[in-house]
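Q: curious how this folds, go ahead:
(one chain, ligands or ions: 2)
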Amino acid sequence: MRSCKNLLVSGGAGFIGVNFIRLLLSPGHAFSGRIINLDALTYAGNLMSLEDIAARHAGRRYFFELGDIGNFEQLLSIFTCYEIDTVVHFAAESHVDRSIAGPEAFIRTNVLGTFRLLEAARQYWGSKQEGVLFHHISTDEVYGSLGETGYFTEKSPYDPRSPYSASKASSDHLVMAYHHTYGLPVTLSNCSNNYGPYQFPEKLIPLMILRMLSGKALPVYGDGKNIRDWLYVEDHASALWAIITGGRTGEKYNIGGENEWDNISLLHSLIALVSGKTGIDAAAIEATITFVKDRPGHDRRYAIDCSKLKGELPWKQSVDFETGLAKTVDWYLAHPQWIAQIQREKYQQWLKKNYDAR
Ligand code: NAD
Ligand code: DAU
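A: Ligands and ions are numbered 1, 2, ... in the order given. Sure, this is the predicted structure:
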């Protein structure tokens, strides 16, 4: 089992990074080292999500560094100062619609930023093979779109179709190239759609929950029949820990929920849940469903085959969709302050830009 003492988490103030940090610093978890969270705090990064973690662990097991992964000098000084032995690379621009509206930030962070982080690791670790690891977090979207049948395996050819997925595919190739060319010890994971607490409400599930609570129209792209494979975020975090500690160097692993839903069916379930928990009339929410202009290049179906991960490492999903969705709705209902803080002016501007034109 690989050990890690000083773990650099890039993008640790975002949705999945927050959940990963919370898992590793939870009581009884096997990780006993330090976490250095490097985050540029873009619109998607929120330190409020880690306030309790910082209060308990700052200066001992948890450190925050404000910075951009594109800043090579800062990266090197972080590697040196904290003697980083493991990188868990979440930082990215992550929303497909934003990549369509403005692709440049995706190239800057996801491609150039990943390149700089790889360079810093290579420079600091030199030719070290033992006791160091660069884990790159990627997406199933690099594989493109499936028809009605079949699954993405680790051998599926790359076929990205949005600026977001193209930038992530590019970063995956860079990570593997650094392994093959320079011998950098890496692992890589491609995960399906995550949901759960702390997700920025631009993504389908939190967007819909918040709009139901405020009586706004629920915008469904196209015919609502696009299919995603949903995984509870804490199960993604535990899969990452399994790969970081036990995954084979140089290998990639698919992570998925084995839980396919088309968007409109998911929305009906979510409406029933929100209605049940709040007393808002379900029929009144249903009446707000609005079919809007489709996302350009909208991938039809994603579905992950994660048998390699399950076969090699001690991991399986632990939260079924019914439980996970209920926990998610409960979390958003219980955190009005977090929601108020995140729904700042820029968020309103994004909603206007993305939805007014549809
Ligand atoms: P997110 O958008 O919620 O968070 C991204 C974080 O990265 C934010 O805290 C942001 O401030 C930070 N960041 C952005 N640019 C940065 C930069 N240049 N330097 C430093 N920090 C920067 O994203 P997420 O949903 O938590 O996704 C995390 C990773 O997981 C991404 O790489 C994404 O591609 C991947 N992924 C996400 C999903 C999903 O369903 N959300 C699924 C599979 C893979
Ligand atoms: O598959 C993994 C990917 O999942 C991650 O790599 C991305 O970072 C993450 O954002 C997510 O991408 P999607 O595009 O699948 O997620 P999103 O929540 O944006 O959309 C999910 C589905 O819902 C998709 O088919 C589009 C649809 N949708 C989305 C929004 C925001 C709507 O119908 N209406 C909406 O308003």
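Q: which SS state does Ala105 fall under?
A: helix (DSSP: H, G, I helix; E, B strand; the rest coil).
Q: centre of the chain versus the helix or strand that contains Arg56, how much separation?
A: In this assignment (DSSP states H and E), Arg56 forms part of helix 51-57. Mean-position distance between helix 51-57 and its chain equals 22 Å (CA atoms, centre = their mean, to the nearest Å).
Q: what is that helix packed up against?
A: strand 62-66 (3 or more CB pairs under 8 Å, 6 or more residues apart in numbering; DSSP states H and E). Glycine gets a C-beta too; all of them are placed from N, C-alpha and C.
Q: and the next element down the chain from the strand it packs on?
A: Moving toward the C-terminus from strand 62-66, the next helix or strand (DSSP H and E) is helix 72-82.
Q: pull out the buried positions in that following helix.
A: Neighbour counts over helix 72-82 (16 or more other CB atoms under 10 Å) mark Gln74, Leu75, Leu76, Ile78, Phe79, Tyr82 as buried.
Q: I'd like to know which of these is nearest to Leu133.
A: Comparing the buried residues of helix 72-82 against Leu133 with CB to CB places Phe79 closest, at 13.4 Å.
Q: check the gap between the residue in the chain that ligand 1 sits nearest to and Thr278 for me.
A: Among all residues of the chain, Gly14 sits closest to ligand 1, at 2.0 Å; criterion: CB to the nearest ligand atom. Distance of Gly14 to Thr278, computed by CB to CB, to the nearest Å: 27 Å.
Q: more neighbours: these two, which one.
A: Between Gly14 and Thr278, counted using other CB atoms under 10 Å, Gly14 has the larger neighbour count: 25 against 13.
Q: what sits against the closest residue to ligand 2 within the stretch 251-358 of the chain?
A: Nearest residue of the stretch 251-358 of the chain to ligand 2, counting by CB to the nearest ligand atom: Asn263, 4.7 Å away. For Asn263, the contacting residues are Leu204, Val220, Tyr221, Gly224, Lys225, Asn226, Ile227, Arg228, by CB atoms under 8 Å, 6 or more residues apart in numbering.
Q: reformat those residues as CSV; add secondary structure.
A: Formatted as CSV, these follow (three-state DSSP):
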residue, secondary structure
Leu204, helix
Val220, strand
Tyr221, strand
Gly224, coil
Lys225, coil
Asn226, coil
Ile227, strand
Arg228, strand
